[in-house]
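**Student:** sequence-free structure coming up:
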């Protein structure tokens, strides 16, 4: 009984076989998936998917990687979209938002302004946030400490230190784990993961990106979440069922969902 807390199932990589991917994932126990808003252009697409499939949910946001595509009016439209769907069971978060310092061409001041504006919108909407954080943990943590969101969220694809993990946990955040820590060469991350409390962990794929080690050099898919779960459970010294149950429970608490059946 698994929940994929971070997917991009609307991306063109799935256009040829999206229904088949969903069917295979369901058959393997992936009961719910969260689709990410990344630009104004994909919000309607993920909303249509989420509202026509029982197990899909939508988050709306403006991703820092697409900084040059975002317009000031898109922030107004984000607020209006959240207001229009307020209370709808398929709206679960604001995301994917955050800071990306890995790509040096992205202006940091503009990223920061966009990030803070979306945190304020999320706070007003009383929704959790789904965070993209690359090489920017210090700046993200400092910003979150200023905002002190009532509903925290998830640090997607967490790859920081244990000290950084602890700062996020103090702020009420969960840590998204997916394909990255399944790779043997991810030495530092594989040392951090076993130190994380189970109540902090949620599982994700980031499909079609960040394929796990058991499915290298190919399109990532939500159907690989059970394999990720099994790999990380071994790293944590628990059974896959224990990790799946903890991750799903954490995700349901975060999003305000009823527990998974079974």
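**Tutor:** The structure has been received and is ready for your questions. Here the structure is a predicted model, which is why all the values come from computation and not from measurement.
**Student:** quick check, central residue of the chain?
**Tutor:** When CA atoms, centre = their mean is applied to the chain, the residue found nearest the centroid is residue 6 (3.7 Å).
**Student:** now do the same for it: its pLDDT.
**Tutor:** pLDDT recorded at residue 6 is 98.
**Student:** who's in contact with it?
**Tutor:** Residue 6 sits next to 34, 36, 96, 130, 154, 156, 157, 176, 178, 204, 205, 206 when contact means CB atoms under 8 Å, 6 or more residues apart in numbering. Backbone N, C-alpha and C define where each C-beta goes, glycine included.
**Student:** of these - the most surrounded one?
**Tutor:** residue 205 (30 neighbours; other CB atoms under 10 Å).
**Student:** contacts only, for that one.
**Tutor:** 4, 6, 7, 178, 179, 212, 220, 221, 222, 224, 225, 228.
**Student:** which SS state does the residue nearest to the last one when sequence neighbours are not counted fall under?
**Tutor:** Take residue 228 and drop its neighbours on the chain: the residue closest to it by CB to CB, 6 or more residues apart in numbering is residue 212, 5.1 Å away. Under the three-state scheme (DSSP: H, G, I helix; E, B strand; the rest coil), the conformation of residue 212 reads as coil.
**Student:** other residues contacting stretch 113-124?
**Tutor:** 61-62, 64, 67, 70, 75, 78-79, 82, 93-94, 97-99, 128-129, 140, 143-144, 147, 149-151, 153.
**Student:** now with 6 Å, please.
**Tutor:** 75, 78, 79, 94, 97, 99, 129, 147, 149 (CB atoms under 6 Å, 6 or more residues apart in numbering).
**Student:** among those, which two are most distant?
**Tutor:** By the measure CB to CB, 79 and 99 form the most distant pair in those, at 20.5 Å.
**Student:** these two: who's more crowded?
**Tutor:** When residue 79 and residue 99 are compared for neighbours, residue 99 comes out ahead with 23 against 18, by other CB under 10 Å.
**Student:** helix, strand or coil: sort out the nearest residue to residue 1 once chain neighbours are set aside for me.
**Tutor:** Leaving aside its chain neighbours, residue 1 sits nearest to residue 260 (4.5 Å; criterion: CB to CB, 6+ apart). Classification of residue 260 using three-state DSSP returns coil.
**Student:** tell me who's in contact with residue 260.
**Tutor:** 1, 31, 248.
**Student:** try 8 Å this time
**Tutor:** 1, 3, 31, 32, 248, 252.
**Student:** inside strands: which ones of those residues?
**Tutor:** Using DSSP state E, the subset of the contacts of residue 260 located in strands is 3, 31, 32.
**Student:** what about the second one, distance to residue 110?
**Tutor:** From residue 31 over to residue 110 the distance is 38 Å, taken as CB to CB, to the nearest Å.
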